[in-house]
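J.: just to be clear, the model below is a prediction. Sequence and coordinates:
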Amino acid sequence: MGAPTAPYPQSRFIQNIEWHWDTHHTAAPGSDLWPVTWAGDNNLYTAWGDGGGFGGTDQDGRVALGFGRIEGPAEKFEGFNVNGGKNAEAPASFAKRGKTGGMLCCQGVLYAWINRQNGAWPDVHEGLAWSTNMGRTWENSSWEFPKGPGNFKPSTFLNAGKDYTNLPPDLAGFVYFYGIRQGHDTNIYLGRVRMNQIRDRTAFEFLSRFAPDDKPVWSADVREIQPVFTDEHGLGNLPCVNYCPALNRFLLAIYHRGPGQLGIFDAPHPWGPWTTVAYYEDWGGMVADGQGLTCNFPQKWMSSDGLTLWCVFSAYGGGAQRGIRAHDKFNLVEATLTLRDSSRK
């Protein structure tokens with residue numbers, strides 16, 4: 001059998017993405033996950049799992065979940081441990097239990113979806129945590145999305161500019177988040193909540209269907225949630241979506257299995273319709289063995305024309321120890337997009 005085909009047609013807007021592996025550099029060996037968000041202080045904020053973070057190792061400074069700050073340009077960034085990890089600015093809020101793959105800074109507050117690690121993955125509760133002091137301390141929601149077969153669990157946020165201030169006008173006022181249903185690993189689902197109600201579970205809405213004019217219809221009942229993305233070859237649980245304002249496109253990156261099995265997609269809306277930019281089986285020479293975790297294109301490091309990007313990504317396992325050797329660390333690489341001629345008109 002040949003390599004599986006991509007789940008969506010080729011993009012009519014983006015012709016190609018080229019990875020510049022000579023720019024690949026790493027930090028924080030022994031720490032994985034690395035979601036990122038751009039805050040109002042012009043720094044990126046991030047999180048890692050099961051390690052010491054920046055300057056640490058798998059054992060040196062190890063915490064279950066730590067939070068960090070990334071300062072400067074991509075070419076010469078500096079990473080600092082804010083909450084937990086080696087030489088951290090504040091003690092760990094999640095020293096023994098907790099993981100996050102999705103962060104957002106909105107109206108000066110950092111948010112993170114938290115896997116409570118109260119069972120064997122994926123049978124875990126998912127909650128929300130927030131920090132009003134740029135990650136030094138965190139507060140947990142009293143509510144949770146419960147574990148159980150078929151239950152929806154949010155995992156990542158749509159990120160759109162510094163402090164979430166660069167959304168298209170028709171999306172303004174809402175925070176959007178993505179997740180999967182436990183035991184169903186081929187679909188991605190979408191929810192939203194008003195920016196001033198993020199901590200209020202009763203304010204959440206879920207995309208339940210599309211109207212005849214293709215506008216999304218939202219429901220307060222999570223049982224009515226419907227997929228916005230499907231890949232029958234499988235999906236990781238951490239879809240990473242970033243808005244590129246210069247192109248007015250949403251970029252979705254998700255692994256369909258292992259670290260070399262990455263898909264990059266684009267769409268005019270956070271819910272699609274999606275088209276394929278690239279669909280790999282051996283991205284970075286890492287093949288299928290292991291796990292692909294996150295793959296983000298932070299808007300802070302996008303060029304003004306949207307064609308040069310920097311990718312922060314995380315991978316784990318045997319495959320990730322091959323090729324570019326991205327296993328269990330913070331990874332950064334430059335990429336460039338080529339547009340189709342028709343998209344320039």
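T.: Looks like it came in fine.
J.: what's the burial count for the closest residue to Phe210 other than its chain neighbours?
T.: What sits nearest to Phe210 in space, not counting adjacent residues and going by CB to CB, 6 or more residues apart in numbering, is Pro216, at 5.9 Å. C-beta here means a position set from N, CA and C on the backbone, and glycine is covered the same way. Other residues near Pro216 number 19, with proximity taken as other CB atoms under 10 Å.
J.: was I right to think Pro216 contacts Phe206?
T.: No. With contact defined as CB atoms under 8 Å, Pro216 does not count as touching Phe206 (10.0 Å).
J.: residue nearest the centroid of this protein?
T.: Centroid check for the chain by CA atoms, centre = their mean gives Cys240 as the closest residue, at 3.2 Å.
J.: list the contacts for that one?
T.: Residues counted as contacts of Cys240 (CB atoms under 8 Å, 6 or more residues apart in numbering) are 35, 156, 252-254, 294-297.
J.: let me know the closest of those to Gly98.
T.: Nearest to Gly98 among these: Pro35, at 13.4 Å, using CB to CB.
J.: tell me the contacts of the residue nearest to Lys96 when sequence neighbours are not counted?
T.: Nearest residue to Lys96, sequence neighbours excluded (CB to CB, 6+ apart): Ala64, at 5.5 Å. By CB under 8 Å, 6+ apart, the contact set of Ala64 is 49-50, 92, 94-99, 117.
J.: which helix or which strand is home to Ala64?
T.: Assigned by DSSP states H and E, Ala64 falls within strand 63-71.
J.: in that strand, which residues are buried?
T.: 63-70 (16 or more other CB atoms under 10 Å).
J.: may I have it as CSV, with CA atoms only?
T.: Output of strand 63-71 as CSV, limited to C-alpha atoms (Å, rounded to 0.1, in the frame of the first residue of the first chain):
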residue,chain,number,x,y,z
VAL,A,63,7.7,19.1,37.0
ALA,A,64,4.6,17.6,35.5
LEU,A,65,3.6,20.9,33.9
GLY,A,66,5.6,24.2,33.8
PHE,A,67,5.0,27.5,32.1
GLY,A,68,7.6,29.7,30.4
ARG,A,69,8.2,33.0,28.6
ILE,A,70,10.0,33.4,25.3
GLU,A,71,11.6,36.8,24.6
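J.: the inter-axis angle of the following helix or strand past that strand versus strand 63-71?
T.: Later in the chain than strand 63-71, the nearest helix or strand by DSSP H and E is strand 78-83. Here strand 78-83 runs at an angle of 140 degrees relative to strand 63-71 (axes from the mean of the first three to the mean of the last three CA atoms, to 10 degrees).
J.: check what contacts strand 78-83 and list those residues.
T.: 27-28, 45-46, 52-56, 61, 66-72, 87-93, 131, 134-138, 330.
J.: buried ones in it?
T.: For strand 78-83, by 16+ other CB under 10 Å, it's 79-83.
J.: quick one: contacts for Thr137?
T.: Contacts of Thr137 by CB under 8 Å, 6+ apart are 83, 90, 93, 131.
J.: can you lay out those residues as JSON lines showing distance to Asp282?
T.: Formatted as JSON lines, those follow (distance: CB to CB, whole Å):
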{"residue": "Asn83", "distance to Asp282": "36"}
{"residue": "Ala90", "distance to Asp282": "41"}
{"residue": "Ser93", "distance to Asp282": "38"}
{"residue": "Ser131", "distance to Asp282": "38"}
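J.: of those, closest to Asn196?
T.: Of the contacts of Thr137, the one sitting nearest to Asn196 (CB to CB) turns out to be Ser131, at 17.2 Å.
J.: ok, how many other residues are close to that closest one?
T.: 22.
J.: with the one 5 residues further on instead?
T.: Other residues within reach of Arg136 by the criterion other CB under 10 Å amount to 16.
J.: quickly list what's touching both of Pro216 and Phe206.
T.: Contacts common to Pro216 and Phe206, judged by CB under 8 Å, 6+ apart, are Leu190.
J.: need the buried ones from the contacts of strand 78-83 selected in PyMOL.
T.: To isolate in PyMOL the members of the contacts of strand 78-83 that are buried, counting by 16+ other CB under 10 Å, one can use:
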select buried, resi 27+28+45+46+52+53+54+55+56+61+66+67+68+69+70+88+89+90+92+93+131+134+135+136+138+330
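J.: return the subset of the contacts of strand 78-83 lying in strands.
T.: 27, 45-46, 66-71, 131, 330 (DSSP state E).
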